[in-house]
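Asks: Build me a model from this:
(one chain, ligands or ions: 1)
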Amino acid sequence: EYTGMSKERIMEIRSKNLSPMTTKITYYKKPVFIHQGHMQWLWDVDGRRFLDLFAGVATVAVGHCHPKVTAAAEKQLKKLWHTTNIYVNAPINEYCEKLASHLPDPLKVIYLTNSGSEANDLAMLLARLYTGNYDIIAFRGSYHGGSQQTMGLTSHSPFRYPIATSSGCTHTMCPDVYRGPWGGSHCRDSPVQTDRQCGCAQGQCAANEQYIGQLRETFHTSVASRVAGFFGEPIQGMGGAVQYPKNYFKEAYKLVRERGGVCIADEVQTGFGRTGTHFWGFQGYDVLPDIVTMAKGIGNGFPMGAVVTTPEIAASFSKAYHFNTFGGNSVACAVGSAVLDAIKEDGLQQNSLHVGTHLMTELAKLRDKYEIIGDVRGKGLQIGVEMVKDKATREPLCPEAMMEIFEDVKDMGVLIGKGGLYGQTFRIQPPMCITTKDADFFVAVFDRAINNYMDRK
Ligand code: PMP
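Replies: So this is what the prediction gives:
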């Protein structure tokens with residue numbers, strides 16, 4: 001039972017003492033006042049239970065307050081919290097060995113950070129030091145962080161400020177097979193397809209060639225056509241679960257390497273089994289990045305991040321110190337280690353695949369029923385539902401309509417997310433422990449919310 005401060009008092013403090021940006025993000029018109037969490041459930045201060053299908057932006061990987069993770073944190077809290085980086089102690093070594101065992105050779109050298117932004121900052125630095133080049137390419141619509149460096153890498157207007165962000169970041173066309181001009185959504189790696197064919201012939205994706213053509217053009221905008229690195233989220237998160245043709249990364253990685261660059265997979269949202277078929281999103285494309293960055297799910301909500309790279313690239317980073325006070329602290333390492341155990345013991349990668357495929361299949365039925373659902377896509381439990389005014393033009397559904405449906409879904413007890421360049425995509429990225437029953441409940445709620453919206457129109 002909640003015995004804390006009143007909602008009014010909380011809002012008063014929020015408006016006075018929290019940053020104006022925080023005050024702006026209540027996410028809902030009638031905000032949710034969260035009090036407690038357990039696995040896929042959240043309770044508000046009135047004792048109302050919500051099914052959490054957003055997991056704090058794909059962050060709670062194994063479940064809110066997962067007993068195993070909580071116990072590991074508690075145990076370590078009583079033993080040692082800190083001094084990790086200047087003395088030798090077991091937790092960071094145990095954890096790095098375990099994390100490395102989840103990555104293919106030669107990705108075995110780990111830097112622990114406290115967030116995804118820090119991890120991507122470091123990845124940019126590594127790419128530049130190792131290659132001696134400067135230009136870095138990322139996708140339009142990407143999100144890679146909120147630090148001044150990563151804000152330059154990010155290409156999504158709500159997250160950009162009119163300041164000098166890092167120079168040397170160029171954005172290439174996102175090979176979005178639903179919204180992009182050449183289609184190709186039957187060439188994406190998802191259990192559901194739309195009819196945006198691209199005229200493939202003999203296993204060659206015609207759209208892919210066009211999107212790769214855009215990347216080739218982007219190289220010509222770099223200094224001497226040389227690049228330091230290429231960043232890609234295996235499935236765009238904030239961008240709205242945007243997927244690319246299956247072969248895109250394979251060809252892109254080859255072209256980047258020919259120009260002296262390294263390839264970086266931003267697994268902040270797609271890592272740790274979320275995509276179901278594999279532990280890492282990049283594995284679904286059959287490529288091997290040179291650097292992998294991760295955060296969010298790595299700590300199930302505990303502030304953590306990591307950069308993993310090869311010994312060769314890491315060696316370029318040994319001429320001066322790189323110090324991070326909290327990165328790799330013993331509590332974070334104990335948490336991270338328990339998260340990896342929970343993913344394995346609870347069979348969460350397999351569950352992501354099973355429940356995610358079921359959920360997308362059911363959502364695709366709603367897509368066929370309603371004119372305003374343009375696309376259902378994703379892999380495992382990284383899912384997007386793109387809303388449109390009409391299917392033929394793919395004009396995005398307006399923010400007001402999105403908000404109405406979003407709020408209605410919440411009022412019926414389910415929390416989901418929003419994203420996309422135009423805010424037109426609902427995002428489902430729950431704790432990976434949800435069941436098919438939870439998925440069915442959401443589908444019924446979503447169906448009702450869209451019906452309600454149509455009735456009001
Ligand atoms: N990369 C991606 C793909 C993300 O989604 C995010 C956070 N939304 C980040 C990087 C930045 O992570 P953090 O907020 O931990 O700095």
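Asks: mind listing what the residue nearest in space to the middle of the chain touches?
Replies: The centre of the chain sits closest to Q269, judged by Cα atoms, centre = their mean, with a distance of 2.4 Å. Counting by Cβ atoms under 8 Å, 6 or more residues apart in numbering, Q269 makes contact with 57-58, 233, 235, 237, 296-297, 382, 429. Yep, even glycine has a C-beta here, placed from its N, CA and C like the rest.
Asks: cool, M151 as well?
Replies: 145, 159-161, 165-166.
Asks: just G229 next, same as before
Replies: Counting by Cβ under 8 Å, 6+ apart, G229 touches 123-124, 127-128, 131, 136-137, 256, 261-264, 291.
Asks: follow-up on the earlier one: check the contacts of Q269 one by one and keep those near the ligand.
Replies: 57, 233, 237 (Cβ under 6 Å from any ligand atom).
Asks: What is the neighbour count of the residue nearest to Y143 when sequence neighbours are not counted?
Replies: Once flanking residues are discounted, Y143 sits nearest to M238: 3.7 Å by Cβ to Cβ, 6 or more residues apart in numbering. For M238, the neighbour count with other Cβ atoms under 10 Å is 24.
Asks: Surely M238 and G145 touch.
Replies: No - between M238 and G145 there is no contact under Cβ atoms under 8 Å: 10.6 Å.
Asks: what about the residue of the stretch 1-150 of the chain found nearest the ligand, distance to H144?
Replies: Scanning the stretch 1-150 of the chain for proximity to the ligand using Cβ to the nearest ligand atom identifies G116 as nearest, at 2.3 Å. Separation of G116 from H144 (Cβ to Cβ, to the nearest Å): 8 Å.
Asks: And for I291?
Replies: I291 is 12 Å from H144, by Cβ to Cβ.
Asks: Keep the contacts of G229, but drop any that are not near the ligand.
Replies: For the ligand, no contacts are drawn from these by Cβ under 6 Å from any ligand atom.
Asks: who wins for most neighbours among these?
Replies: A123 (32 neighbours).
Asks: what's the spacing between the helix or strand that residue falls within and its chain's center?
Replies: Following DSSP states H and E, one finds A123 within helix 116-131. Here helix 116-131 is found 18 Å from its chain centre; the criterion is Cα atoms, centre = their mean, to the nearest Å.
Asks: Can I get that helix as PDB, trimmed to CA atoms?
Replies: Extracted in PDB, the C-alpha atoms of helix 116-131 (Å, rounded to 0.1, in the frame of the first residue of the first chain):
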ATOM      1  CA  GLY A 116      24.500   4.300 -23.600                       C
ATOM      2  CA  SER A 117      25.600   7.800 -24.400                       C
ATOM      3  CA  GLU A 118      28.900   7.300 -22.700                       C
ATOM      4  CA  ALA A 119      29.400   4.000 -24.400                       C
ATOM      5  CA  ASN A 120      28.700   5.600 -27.800                       C
ATOM      6  CA  ASP A 121      31.000   8.500 -27.000                       C
ATOM      7  CA  LEU A 122      33.700   6.100 -26.300                       C
ATOM      8  CA  ALA A 123      33.000   4.100 -29.500                       C
ATOM      9  CA  MET A 124      33.400   7.300 -31.500                       C
ATOM     10  CA  LEU A 125      36.700   8.000 -29.900                       C
ATOM     11  CA  LEU A 126      37.900   4.400 -30.500                       C
ATOM     12  CA  ALA A 127      36.900   4.500 -34.100                       C
ATOM     13  CA  ARG A 128      38.800   7.700 -34.700                       C
ATOM     14  CA  LEU A 129      41.900   6.800 -32.800                       C
ATOM     15  CA  TYR A 130      42.100   3.400 -34.400                       C
ATOM     16  CA  THR A 131      41.500   4.400 -38.000                       C
END
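Asks: Quick one: name whatever helix or strand follows it.
Replies: strand 136-139.
Asks: Which strands or helices does that following strand pack on?
Replies: For strand 136-139, the elements it packs on are helix 116-131, strand 169-172, helix 206-219, strand 229-232, judged by 3 or more Cβ pairs under 8 Å, 6 or more residues apart in numbering; DSSP states H and E.
Asks: If we use 10 Å, what do you get?
Replies: Contacts defined by 3 or more Cβ pairs under 10 Å, 6 or more residues apart in numbering; DSSP states H and E place strand 136-139 against helix 116-131, helix 148-153, strand 169-172, helix 206-219, strand 229-232, strand 262-266.
Asks: can I get these in a markdown table with mean pLDDT?
Replies: Listed next are the helices and strands packed on strand 136-139 as a markdown table, based on pLDDT from 0 to 100:
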| stretch | mean pLDDT |
| --- | --- |
| helix 116-131 | 97 |
| helix 148-153 | 94 |
| strand 169-172 | 96 |
| helix 206-219 | 95 |
| strand 229-232 | 98 |
| strand 262-266 | 98 |
